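Colleague: Can you look at this prediction? I've put the sequence above it.
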Amino acid sequence: MARDKLDSEAVSRALAELDGWALEDGGVAIVRNFAFRNFSEAFGFMARAALAAEKLDHHPEWSNVYNKVDVRLRTHDAGGLTDLDFKLARKMNGFAGN
Ligand SMILES: C[C@H](O)[C@H](O)[C@H]1CNC2=NC(N)=NC(=O)C2=N1
């Protein structure tokens, strides 16, 4: 199931195929700091990501300062990382152009 917690081997495998993301200390979340040319592009990215998140019913922890968007993904329902985190991370990479 998409909301089943992944074991550390499955997390390593998924992370290896995912550009730019790192495992947060303790392994409960994946994180990526995105940088764009300006605020408008950063906010456009957030708008696309927000719609994708809503569709997945899976929502990011994130913050934005001007052209930077810092993202942290985890599944609190499962107490760790699930396929949903990696699905949303891949979509975000696509919206950011990588
Ligand atoms: C009730 C609702 O389905 C849950 O709270 C969903 C909503 N969005 C979520 N988003 C994230 N990132 N993790 C969750 O566990 C989660 N759970």
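Modeller: Received, thanks.

Colleague: All the helices of this protein, in order from the start?
Modeller: 8-16, 39-56, 83-95 (DSSP state H).

Colleague: average pLDDT for the shortest one?
Modeller: pLDDT averaged over helix 8-16 equals 96, rounded to a whole number.

Colleague: What of the last one?
Modeller: Taken as a whole, helix 83-95 carries a mean pLDDT of 98.

Colleague: for that helix, packing partners?
Modeller: When contacts are defined as 3 or more C-beta pairs under 8 Å, 6 or more residues apart in numbering; DSSP states H and E, helix 83-95 packs onto strand 30-35, helix 39-56, strand 68-73. The way it works is simple: take the backbone N, C-alpha and C, and place the C-beta from them, glycine included.

Colleague: burial measure for the closest residue to the ligand within the chain, as a count.
Modeller: As assessed by C-beta to the nearest ligand atom, the ligand sits closest to residue 77 within the chain, at 3.5 Å. Applying other C-beta atoms under 10 Å, we find 11 residues neighbouring residue 77.
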